[in-house]
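**Q** Sharing a model that was predicted from the sequence below.
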Amino acid sequence: MPTDLQVGLKATVTVPGSSANLGPGFDTLGIALSIYDTVEVEVIASGLEVYIFGEGAEDLPRDNSHLVVKAIRSGLKAADVQAPGLKVTCTNNIPQSRGLGSSAAAAVAGVVAANTLAGSPLSTEEVVQLSSEFEGHPDNAGASVLGNAVVSWTEIPVDGRSLPEYRAVGVPVDPRIRAYALVPDFHASTNAVRKVLPSHVTHTDARFNVSRTAVMTVAIQHHPELLWEGTRDRLHQPYRSDVLPVTAEWVNRLRNRGYAAYLSGAGPTALVLCTEPVDAAILDEARDAGLRVIELEVAGPVEAELTAD
């Protein structure tokens, strides 16, 4: 039988956003960014109360269909505990559906909150697994859990019945590296953007991306002078340019000026990784074009605190 949680227990989770792919590392590379959502989960006597502030406050559901709530319930089940009721308060700063890991952050926050309420019986690997199950790939969730950068992968069982296993390993990031996010004022559906990708690519393009993914893992750790080369991609960004023309334009403009820009996740955000500030004139041009410019640092791992009334 699951253990009953004490009414009044509260977990407060601060989870970073993230950027996936980093150019060539499709569904593999990710990096945590210093933009945060905060989720408070309190055990109450009965029912479910959901409060949302900030990003998504007007659109997100306030019932069991909310991703944070789903993740909490998944985490509680995995930890073999149950709550008579839950009060969930989300304060969101990560832009929704913009390619900055808002969904992964929500899943991570829910699982970590549940684990914290239960006394942290779940390992980091289990938290990555449970969080990634909501995404279907571990690059964003792995980055939000572990912080810094990650190399992640999915192991598909051969029996055809077992669930995929999601794995992520942390990669230290050169402390000089910072990021700029250029965020358009429209959403992008990950599923819709994935539909434009071909089922097969040429051996030449596959070889190109394998090499640039390897370059990127070196660039981000010790050789930031290779970031421009390490963010080159032929696997997904060229195919997405038609459905994300604004993003493609800004990625090209930035790269033509020597900046390591790429499509962040499924977009529509364009992200730059650099060691020196981006020219203020370029950023002003982006703002004048209606893009929100966010200067970011590389973030550490998700953090959680347990309190009791």
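**A** Perfect, I can see it now. Given the structure is predicted, the values throughout are model-derived calculations rather than measurements.

**Q** ok, and the closest non-adjacent residue to residue 72?
**A** Leaving out its chain neighbours, the residue that sits closest to residue 72 by Cβ to Cβ, 6 or more residues apart in numbering is residue 110, at 4.3 Å. To be clear about C-beta, it is placed using only N, CA and C from the backbone, and glycine gets the same treatment.

**Q** Just list the residues touching residue 2, thanks.
**A** For residue 2, the residues meeting the contact criterion (Cβ atoms under 8 Å, 6 or more residues apart in numbering) are 76-77, 80-82.

**Q** tell me what the strand or helix carrying residue 113 is packed against?
**A** Residue 113 is part of helix 102-117, with elements assigned from DSSP states H and E. Taking 3 or more Cβ pairs under 8 Å, 6 or more residues apart in numbering; DSSP states H and E as the contact definition, the neighbouring helices and strands of helix 102-117 are strand 9-20, strand 29-44, helix 67-78, strand 85-92, helix 124-133, helix 139-146, strand 303-308.

**Q** which of the ones you listed is buried the deepest?
**A** Greatest average neighbour count among the helices and strands packed on helix 102-117 goes to helix 139-146 (a mean of 32), per mean count of other Cβ atoms under 10 Å.

**Q** Following the chain onward from that one, which element is next?
**A** Elements were assigned by DSSP H and E; along the chain past helix 139-146, the next helix or strand is strand 149-155.

**Q** from memory residue 243 sits against residue 194, does it?
**A** No - no contact is recorded between residue 243 and residue 194 when judged using Cβ atoms under 8 Å, the distance being 10.4 Å.

**Q** between the two, who's got more neighbours?
**A** When residue 243 and residue 194 are compared for neighbours, residue 243 comes out ahead with 17 against 14, by other Cβ atoms under 10 Å.

**Q** what's the helix or strand for that one?
**A** When the helices and strands are read off by DSSP H and E, none of them contains residue 243.

**Q** returning to that earlier point: for residue 180, state which of the contacts of residue 2 is nearest.
**A** Set against residue 180, the nearest of the contacts of residue 2 by Cβ to Cβ is residue 76 (38.1 Å).

**Q** Check the gap between the closest one and residue 3 for me.
**A** When Cβ to Cβ, to the nearest Å is the yardstick, residue 76 and residue 3 sit 10 Å from each other.

**Q** buried stuff in the host helix or strand of residue 281?
**A** When elements are assigned from DSSP H and E, residue 281 belongs to helix 280-288. For helix 280-288, a neighbour-count test (16 or more other Cβ atoms under 10 Å) marks 282-283, 286 as buried.

**Q** any chance of those residues in CSV, plus distance to residue 157 and pLDDT?
**A** Listed next are the buried residues of helix 280-288 as CSV, based on distance: Cβ to Cβ, whole Å; pLDDT from 0 to 100:
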residue, distance to residue 157, pLDDT
282, 47, 96
283, 46, 97
286, 44, 96
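
**Q** Among the residues you listed, which one lies nearest to residue 265?
**A** The shortest approach to residue 265 among the buried residues of helix 280-288 belongs to residue 286, at 18.5 Å (Cβ to Cβ).

**Q** Name the helix or strand of the chain that has the lowest mean pLDDT.
**A** Every helix and strand of the chain was ranked by mean pLDDT, DSSP states H and E. The lowest is helix 190-194, at a mean of 67.

**Q** from the chain's centre, how far out does the next helix or strand after that one sit?
**A** The C-terminal neighbour of helix 190-194 among helices and strands, as given by DSSP H and E, is helix 203-221. With Cα atoms, centre = their mean, to the nearest Å as the basis, helix 203-221 stands 21 Å off its chain's centre.

**Q** Helix 203-221 packs against which elements?
**A** If contacts are counted by 3+ Cβ pairs under 8 Å, 6+ apart, helix 203-221 sits against strand 29-44, strand 149-155, strand 165-171, helix 227-230.

**Q** okay, and for the stretch 51-200 of the chain, where does confidence drop off?
**A** By pLDDT under 70, the weakly predicted segments of the stretch 51-200 of the chain are 188-193.

**Q** I'd guessed residue 283 sits against residue 180; true?
**A** Yes - assessed by Cβ under 8 Å, residue 283 is found in contact with residue 180 at 7.3 Å.
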